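Participant: Give the three-dimensional model of this entry:
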Amino acid sequence: MSVNSMTGYARVQGQDDTLVWSWEAKSVNGKGLELRFRFPAGYDFLELTAREAVQKRFKRGNLMISLNVDRLKKGAPLVVDEAVLAQYIEIACRWHDKAPGLASPQVDGLLALRGVLVDPGEEDVAPELLEARGKALMVSFGQALDALTAMRTAEGRRLADVLRGQLTEIASLVGQAEKLAACDPATIKERLRLQVLALLDAVPALSEERLAQEAALIAAKADVREELDRLSAHLSAAGDLLASGEAVGRRLDFLCQEFNREANTLCSKANDIELTRIGLALKAIIEQFREQVQNIE
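Facilitator: Below you'll find the predicted structure:
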C-alpha cells in the first residue's frame, strides 16, 4: 500500500436507452472527510448510497460530487401544467389584494416558476425502471471513485518521494550536528568548567545555592544530545508511518510539531555558530516537510 494524497479529479460518463449521464468528483485538502453532493431533480435518492460508498473509500478530504443527467432524444415541446399555473395565479392575486402596492404578476414570471413548464420526456418512471437506472448510475459512480482513488494514489506516491527526500535531508543535518565538536563531551566539559569559573569570579559573589542553580542551568543548556536523540526517534517514526500505507496525514502532522519543537530547542541551546546554522536549516526543511504533509490523507 502507498500514501494517498487528498487532491484529485475524476469524470465518468454512462448511458442507457433513454439517458446519458456524467459523474464528476473533485477532491481537495481537508482536516476530515467532508462531502458535498449536487444532484438533478429526482435523483436525490442516490445520495445515501453514494455517501456510504465514499466513506468506505476515503478518510480525509473535501469532496465535491455532482451528477448531470440528460435525455438522449430531445425536441419535444414544453407544455404548461395548467393546475400548477392556476395555483400560482391564485396565490399571486390573493397577495396582490392584500398589498395593492405589489406589482401585478407577469406571464414571463409565472412561466419561470418551478413546475409550471413541464418536459414531456420527464414523465413518471416506473419503480422497477427507476431502481434499474439507479443501479446503472451507481456502477458509473463506482468507476468515478476508482478513477479518483487512482489519481489520489498517484499523487500520493509523488508526495511520499518528496517527503522521504526531506526526511533524508533532516537525517543528514542531525548527523552533522552529532559530529560537531560542540556536541563532544570533552568540549562540553571544558566549556562548563570555564563558565563555572566565571561564576565563581562574579562580583558580588554568588551563594552556594545560587551557584549550584546557575551551574545546573549551564549544564542543561550545553548538552543538545537529548534533542538530537529525539530528532532521530522522530525520523524513525516518520519513516515507519510513510511505509505503513495507512491514512497517516494527521499523525505526520503531529510529528511535524515534535520535529519543530526539538529544532527550536536546539537553536536556543546552541552557543556554536555552526550548530546554530544547522538548527536553522533544520527548521526550514521541517517547515517544508509540514507543508507537504498537509496534502496527505
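Participant: how about low-confidence regions in the stretch 151-297 of the chain?
Facilitator: Scanning the stretch 151-297 of the chain with the threshold set as pLDDT under 70 gives 181-223.
Participant: Do you have the helices of it handy? List them.
Facilitator: With helices called from DSSP state H, counting those that start in this stretch, the stretch 151-297 of the chain shows them at 185-200, 208-222, 225-244, 249-269, 273-293.
Participant: Which strands and helices lie in contact with the third one?
Facilitator: Taking 3 or more C-beta pairs under 8 Å, 6 or more residues apart in numbering; DSSP states H and E as contact, the helices and strands that helix 225-244 lies on are helix 127-179, helix 249-269. (Glycine included, C-beta is placed from N, CA and C.)
Participant: how much does that helix deviate in direction from helix 249-269?
Facilitator: Interaxial angle, helix 225-244 versus helix 249-269 (axes from the mean of the first three to the mean of the last three C-alpha atoms, to 10 degrees): 160 degrees.
Participant: which other residues reach helix 225-244?
Facilitator: Residues from elsewhere that reach helix 225-244 (C-beta atoms under 8 Å, 6 or more residues apart in numbering): 1, 3, 160, 163-164, 167, 170-171, 174, 177-178, 183, 248, 251-252, 255, 258-259, 262-263, 265-266, 269, 282.
Participant: can you check the last one too?
Facilitator: Around helix 273-293, the neighbours that count as contacts under C-beta under 8 Å, 6+ apart are 159, 162-163, 166-167, 169-170, 173-174, 176-177, 180, 182-183, 224, 231, 249, 252-253, 256, 259-260, 263-264, 266-267, 270.
Participant: As a check, name the ranges of all strands in the stretch 1-150 of the chain.
Facilitator: With DSSP state E, counting those that start in this stretch, the ranges of strands along the stretch 1-150 of the chain come out as 8-15, 19-28, 33-38, 61-71, 79-80, 117-118.
Participant: among the helices and strands packed on helix 225-244, which is the most enclosed?
Facilitator: For those, the largest average neighbour count (mean count of other C-beta atoms under 10 Å) is found in helix 249-269, namely a mean of 18.
Participant: what helices or strands is that one leaning on?
Facilitator: Packing contacts for helix 249-269, counted by 3+ C-beta pairs under 8 Å, 6+ apart, involve helix 127-179, helix 225-244, helix 273-293.
Participant: Centre of the chain to that helix, how far?
Facilitator: Distance of helix 249-269 from its chain centroid, counting by C-alpha atoms, centre = their mean, to the nearest Å, is 20 Å.
Participant: Quick one: work out the angle between it and helix 127-179.
Facilitator: Calculated by the same axes, to 10 degrees, helix 249-269 forms an angle of 20 degrees with helix 127-179.
Participant: which residues sit against helix 249-269?
Facilitator: By C-beta under 8 Å, 6+ apart, the list of residues contacting helix 249-269 reads 6, 60, 163, 170, 177, 221-224, 227-228, 230-231, 234, 237-238, 241-242, 275-276, 278-280, 282-283, 286-287, 289-290, 293-297.
Participant: Give me the buried entries from the residues you listed.
Facilitator: Neighbour-count burial (16 or more other C-beta atoms under 10 Å) applied to the contacts of helix 249-269 gives 6, 60, 163, 170, 177, 222-224, 227-228, 230-231, 234, 238, 241-242, 275-276, 278-279, 282-283, 286, 289-290, 293, 295-297.
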